[in-house]
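**Q** have a look at this prediction, sequence included:
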Amino acid sequence: MWHIMKSYSTFGFHEFVICLGYKGYLIKEYFANYFLHKSDVTIDLKNNQLHVHDSQAEPWQITLVDTGEHSMTGARIRRIAKHVQGETFMLTYGDGVGNIDIQELLTAHRASGKHCTVTAVQPSGRFGSLDIQSDGLVSSFLEKPKGDGAWINGGFFVCEPEIFNYLSDDEKCSWEQKPLEQLAYDGQLNAFNHHGFWKPMDTLRDRLELEKEWATGKAPWKTW
C-alpha cells in the first residue's frame, strides 16, 4: 500500500482515503505510528517522553475508513462517498503496482468526458512461450510473453461522483460486476492503455518476485 501511495504522491496527489476491512487496525496502527517507522527516536521512559529525530514523513493526509470486514469492493467504495465530497477522484486496489503515468491517466480521463476510466494492462504470462515450426524446430523463445494479448482491469481508475449512482451499500456489491458492466453498457467507461510495467501481488509467488525486484534497487514501479 505504501508503494502505491508513493506512486500517486510522485505526481502530486497527497490526499488518500483507505477502505479498511480485514485487519484494518494494523493499517491504522501503521499510519498512527508512521513517525516511529520512518524516523530515529529517543524514548525517555523515566519522564514518559518521546523525541523524534530526522523525521522523513511524506506530506500525506490519510482518512482511514472502516468499510466492513466482509464487504465487497463496490460496497466499500459506496461507503466512502462522503469523503470524496462530489469531486473527481482516483481509485485503485491495494495489491497491484506499476509505473503508470498518473498525470497522463488523469488527462486521458478528462478528455474522454466519461464517468470512469480504467487502466488497461497486459500482464505477462507465467510460462515461457515456444514458437515451434512444422518440423519441430523451435524458431523462437520468449521467457515471459504478454499473456494472450487481452487487456485486463489493472485498477488505477479515475472516477466522477456519478459512479456512486451505480453502487449499493449492500456488502455483496462488487465493483467489478454490475457497476462496471453497467458503466460499460451506458457508454461511460473509458480505457487508458498502459504498456509499461504492472504486476499484482495475488500469490506468494508474486510477493517473492516483487520483493526480489525491490531488493535490487531497480524495481520498475519505483517512480520516486
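**A** Received it, and whenever you're ready, just let me know what you need. Numbering: from 1, shown residues only.

**Q** how about the strands in this protein?
**A** 15-20, 40-44, 49-53, 61-66, 89-91, 96-98, 116-121, 129-132, 138-142, 152-153, 157-159, 189-193, 198-200 (DSSP state E).

**Q** can I get those strands in TSV with mean pLDDT, distance to residue 104 and mean neighbour count?
**A** The C-beta positions use only the backbone N, C-alpha and C, and glycine is treated the same way. Converted to TSV, the strands of the chain look like this (pLDDT from 0 to 100; distance: least, CB to CB, whole Å; neighbours: other CB atoms under 10 Å):
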stretch	mean pLDDT	distance to residue 104	mean neighbour count
strand 15-20	97	20	18
strand 40-44	87	38	10
strand 49-53	82	37	10
strand 61-66	96	24	13
strand 89-91	97	13	19
strand 96-98	95	13	23
strand 116-121	95	10	23
strand 129-132	66	30	11
strand 138-142	67	28	10
strand 152-153	92	18	14
strand 157-159	97	11	23
strand 189-193	95	8	18
strand 198-200	94	14	20
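
**Q** what's the closest of these to residue 170?
**A** strand 15-20 (15.4 Å; CB to CB).

**Q** direction included, what does that closest one pair against?
**A** Each strand paired with strand 15-20, and its direction, by DSSP bridges: strand 61-66 (parallel).

**Q** what's in contact with the partner strand?
**A** For strand 61-66, the external contacting residues (CB atoms under 8 Å, 6 or more residues apart in numbering) are 14-21, 24, 27-28, 31, 79-80, 83.

**Q** 7 Å instead, please
**A** 14-20, 24, 27-28, 31, 79-80, 83 (CB atoms under 7 Å, 6 or more residues apart in numbering).

**Q** got the CA coordinates for it in CSV?
**A** The C-alpha coordinates for strand 61-66 follow below in CSV (Å, rounded to 0.1, in the frame of the first residue of the first chain):
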residue,chain,number,x,y,z
GLN,A,61,-3.4,13.4,4.5
ILE,A,62,-4.9,10.0,5.1
THR,A,63,-8.5,9.2,6.0
LEU,A,64,-8.9,5.6,7.3
VAL,A,65,-12.5,4.3,6.9
ASP,A,66,-13.8,1.0,8.3
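
**Q** noted, bye for now.
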